[in-house]
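Engineer: show me how the following folds:
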Amino acid sequence: MSRPHLDVAGISIDCPEPVELARFYLALLGGELLWENTSSSGIRTQSGLNIVAQKVANYIPPTWPSASIVHFDLDAGVSLDESVAYAIECGATEAAEQPDPRWRVLLDPAGHPFCITTEVCDG
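Structural biologist: A predicted model of the protein is given here:
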């Protein structure tokens, strides 16, 4: 059987407040709001990634660093400190445990970890 067409349409993130989380990522990454309502909100980032924040009843945030989860790795360009400061201004918090000085681990408003680094893999 040949491989059918499959591509990433977007990434969905569970949370208690979809509007708040989608607006956080929109402020952090830029782009456009696709929709927002009480059950889900979607954005398209400047790089073309669709992120959908979806409401989950009795949401429990992941635990950093012990939970096995998927997270975003964000390219800071040349200034890690400036990018981290901006993420905090948007509503992120720094994780208590920082495993490597080459990147910084932050938590979004729903508690999902994401990393900001200047050490981007090129291949």
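
Engineer: okay, strands next: where are they in this protein?
Structural biologist: 11-15, 32-36, 40-44, 50-55, 72-75, 93-94, 103-107, 113-117 (DSSP state E).

Engineer: which residues sit in contact with the residue nearest the centre of the chain?
Structural biologist: When Cα atoms, centre = their mean is applied to the chain, the residue found nearest the centroid is Phe72 (5.0 Å). Taking Cβ atoms under 8 Å, 6 or more residues apart in numbering, we find Phe72 in contact with 114-115. In short, each C-beta sits where N, CA and C put it, glycine included.

Engineer: over to Gly31?
Structural biologist: With Cβ under 8 Å, 6+ apart, Gly31 has these contacts: 43-46.

Engineer: if any of the residues you listed are buried, put those into a PyMOL selection.
Structural biologist: A single PyMOL command selects the buried members of these (16 or more other Cβ atoms under 10 Å):
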select buried, resi 43+44
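
Engineer: pLDDT and distance to Asp14 for the contacts of Gly31 - can I get that in CSV?
Structural biologist: Listed next are these as CSV, based on pLDDT from 0 to 100; distance: Cβ to Cβ, whole Å:
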residue, pLDDT, distance to Asp14
Ile43, 98, 16
Arg44, 98, 19
Thr45, 96, 19
Gln46, 94, 24
